[in-house]
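Trainee: Curious how this folds, go ahead:
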Amino acid sequence: MSFSLDQVRKVARLARLELSEPALAQMQVQLSAILNYIDQLNQLDTEGVEPLAHPLPVQNVFRPDEPVPSLPVAAALQNAPSKVGDYFGVPAVFSDEPVSH
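Mentor: This next block holds a predicted model:
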């Protein structure tokens, strides 16, 4: 199976990518190779093979979730480029006002 250039253009547009013609041609080759590999995998007989999430037995290695003293505010903010009171200062994200530097 292979991608046509029109299909590659559509995928690029959906991904909001602006690709040059040489990049489109390269992407066509790469996407076609991926589809060919998936087609090879689909040809394998997997009857009776149980699906698995991990190839090796796994166990939970997390420590118990217990409260511990946190880092003091002054220590957490000591290298912050911008502070507002006891918080990190960051540019507004949900604002209609232009950001002033």
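Trainee: Please save the CA atoms from stretch 28-41 in PDB.
Mentor: Taking Å, rounded to 0.1, in the frame of the first residue of the first chain, the C-alpha atoms of stretch 28-41 are listed here in PDB:
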ATOM      1  CA  GLN A  28       5.300  10.000   0.700                       C
ATOM      2  CA  VAL A  29       8.100   7.400   0.700                       C
ATOM      3  CA  GLN A  30       8.300   7.300   4.500                       C
ATOM      4  CA  LEU A  31       4.500   7.000   5.000                       C
ATOM      5  CA  SER A  32       4.300   4.300   2.300                       C
ATOM      6  CA  ALA A  33       7.100   2.400   4.000                       C
ATOM      7  CA  ILE A  34       5.300   2.500   7.300                       C
ATOM      8  CA  LEU A  35       2.000   1.200   5.700                       C
ATOM      9  CA  ASN A  36       4.000  -1.500   4.000                       C
ATOM     10  CA  TYR A  37       5.500  -2.600   7.300                       C
ATOM     11  CA  ILE A  38       2.000  -2.600   9.000                       C
ATOM     12  CA  ASP A  39       0.700  -4.700   6.000                       C
ATOM     13  CA  GLN A  40       3.500  -7.200   6.700                       C
ATOM     14  CA  LEU A  41       2.500  -7.400  10.400                       C
END
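Trainee: how far out from the middle of the chain is the longest helix anywhere in the chain?
Mentor: If you go by DSSP state H, the chain has its longest helix at helix 21-42. On the basis of C-alpha atoms, centre = their mean, to the nearest Å, helix 21-42 sits 21 Å off its chain's mean C-alpha point.
Trainee: which residues touch the next helix or strand after it?
Mentor: Under the assignment DSSP states H and E, the closest C-terminal helix or strand after helix 21-42 is helix 73-77. With contact meaning C-beta atoms under 8 Å, 6 or more residues apart in numbering, helix 73-77 is reached by 83, 86, 88. All C-beta atoms are positioned from the backbone trio N, CA, C, and that covers glycine.
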